[in-house]
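Student: got a sequence here, can you model it:
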Amino acid sequence: MGINDISNFDTEEIDRLLQDAMDGALSTELSSGSDISLDTMLTQTKMMVGTIVGYKELMMMYACAMKEMRTKFEVLNTEFKIRYQRNPIASISTRLKRTASILEKLGRHNLPFSLNSITEHVNDVAGIRVICSYIDDIYTIADALLRQDDVTLINRKDYIANPKPNGYRSLHLIVSIPVFFADQKKDVRVEVQIRTIAMDFWASLEHQLKYKQEIPNQQEIIDRLKECADVINDTDEKMLGLRRQIEAATDAPSEEEILFEKLSRLDINLE
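Tutor: Numbering: from 1, shown residues only. Model prediction:
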């Protein structure tokens with residue numbers, strides 16, 4: 001799933017696709033020669049308009065849920081920066097699933113396009129990707145998130161402990177969080193992907209290559225990508241081992257050094 005930074009969802013795409021669906025439905029009624037009354041047409045049009053408005057509101061809720069999740073991870077990263085003078089999170093990006101992708105996913109499962117179908121069966125409408133420096137940071141951040149009493153775990157897939165056959169590695173969480181609006185509280189599902197910089201580098205390139213058409217020697221490329229994934233994982237493990245070796249070799253600080261370190265934290269930029 002490609003995730004890019006976005007602050008607003010694509011309202012033009014929503015309007016275009018749903019308007020096309022509405023126009024198609026109306027023209028089908030008219031061309032069928034059925035004796036449809038003006039009142040019936042107006043009723044159907046009102047229902048379609050209601051669906052469009054409801055859909056845009058639903059996408060707004062997912063966009064707000066992404067903001068809430070991003071803030072949670074930024075808070076955790078700031079806490080680690082102050083407590084341990086180390087940022088476990090290298091970057092955070094968010095993505096709202098495109099309308100065409102939602103329609104395609106519902107169609108694949110023979111589900112109707114409705115607000116209920118989306119909320120019940122499409123768990124990755126809102127997505128957030130967290131990139132960490134080391135493998136252990138992934139689990140530290142995930143555990144810290146899931147300890148928060150307003151975060152409910154829906155599903156967890158650990159593709160680091162159990163990589164996909166092609167070599168893909170990442171920790172995937174489906175969580176539900178409450179989002180407070182002016183007149184209601186809504187529990188919204190968000191897909192969270194947490195991986196290292198190296199894992200993200202491999203996944204980005206693999207995603208690009210996967211959608212190339214008519215590639216000669218495709219199986220050879222698949223095999224080589226799997227080899228690259230294994231090499232990258234080995235590098236991640238070695239970098240983690242080196243960090244732990246350095247930390248273990250560091251002498252215990254004196255009381256004066258501890259005091260000086262605490263004082264130095266007063267000058268850390270919290271932005």
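
Student: count the residues that sit near residue 156.
Tutor: If you count neighbours by other C-beta atoms under 10 Å, residue 156 ends up with 13. C-betas here are computed from N, CA, C, even on glycine.

Student: confirm that it sits in a helix.
Tutor: No. Counting by DSSP: H, G, I helix; E, B strand; the rest coil, residue 156 is located in no helix; its state is strand.

Student: I'd assumed residue 173 was in contact with it.
Tutor: Yes. Contact status for residue 156 versus residue 173: in contact at 5.5 Å, counting by C-beta atoms under 8 Å.

Student: ok, then the element right after the lengthiest strand in the chain?
Tutor: Assignment by DSSP state E gives strand 185-196 as the longest strand of the chain. Next in sequence after strand 185-196, counting helices and strands by DSSP states H and E, comes helix 197-210.

Student: what's the following helix or strand after that following helix?
Tutor: helix 218-249.

Student: ok now that following helix, how far from the chain's centre?
Tutor: 24 Å (C-alpha atoms, centre = their mean, to the nearest Å).

Student: who are the packing partners of that helix?
Tutor: If contacts are counted by 3 or more C-beta pairs under 8 Å, 6 or more residues apart in numbering; DSSP states H and E, helix 218-249 sits against helix 135-146, helix 197-210.

Student: relative to helix 135-146, how tilted is it?
Tutor: Between helix 218-249 and helix 135-146, the angle comes out at 80 degrees (axes from the mean of the first three to the mean of the last three C-alpha atoms, to 10 degrees).

Student: quick one: helix 218-249 to strand 185-196, angle?
Tutor: Interaxial angle, helix 218-249 versus strand 185-196 (the same axes, to 10 degrees): 90 degrees.

Student: tell me what angle helix 218-249 forms with helix 197-210.
Tutor: 170 degrees.

Student: give the buried residues for helix 218-249.
Tutor: By neighbour count on 16 or more other C-beta atoms under 10 Å, the buried set for helix 218-249 is 222, 225, 226, 229, 232, 233, 236, 239, 240.

Student: OK, contacts around the second one?
Tutor: By C-beta atoms under 8 Å, 6 or more residues apart in numbering, residue 225 lies in contact with 166, 167, 202, 206, 209.

Student: make it 6 Å
Tutor: residue 206 (C-beta atoms under 6 Å, 6 or more residues apart in numbering).

Student: how much space separates it from residue 237?
Tutor: As judged by C-beta to C-beta, to the nearest Å, residue 225 and residue 237 stand 19 Å apart.

Student: and what of the third one?
Tutor: With the distance defined as C-beta to C-beta, residue 226 ends up 17 Å from residue 237.

Student: with residue 140 instead?
Tutor: On the measure of C-beta to C-beta, residue 140 and residue 237 end up 16 Å apart.

Student: pLDDT below threshold where in the stretch 101-250 of the chain?
Tutor: The stretch 101-250 of the chain contains residues with pLDDT under 70 at 211-215.

Student: burial count for the closest residue in space to residue 195 that isn't next to it in sequence?
Tutor: In this structure, residue 195 finds its nearest non-sequential neighbour in residue 170, 4.1 Å apart by C-beta to C-beta, 6 or more residues apart in numbering. Here the count is done by other C-beta under 10 Å, and residue 170 has 23 residues near it.

Student: doesn't residue 158 make contact with residue 170?
Tutor: No. Taking contacts as C-beta atoms under 6 Å, residue 170 lies outside contact range of residue 158: 8.8 Å.

Student: phi, psi for the residue nearest to the spatial centre of the chain please.
Tutor: Geometric centre of the chain, nearest residue: residue 127, 2.2 Å, by C-alpha atoms, centre = their mean. Per-residue torsions, residue 127: phi -130, psi 140 (degrees, to the nearest 10).

Student: against residue 218, how distant is it?
Tutor: Separation of residue 127 from residue 218 (C-beta to C-beta): 28 Å.

Student: for residue 144, which non-adjacent residue is closest in space?
Tutor: residue 76 (5.4 Å).

Student: tell me what the helix or strand hosting the one you found is packed against?
Tutor: Following DSSP H and E, one finds residue 76 within helix 38-84. Counting contacts by 3 or more C-beta pairs under 6 Å, 6 or more residues apart in numbering; DSSP states H and E, helix 38-84 packs against helix 11-31, strand 89-96, strand 126-132, strand 171-180, strand 185-196.
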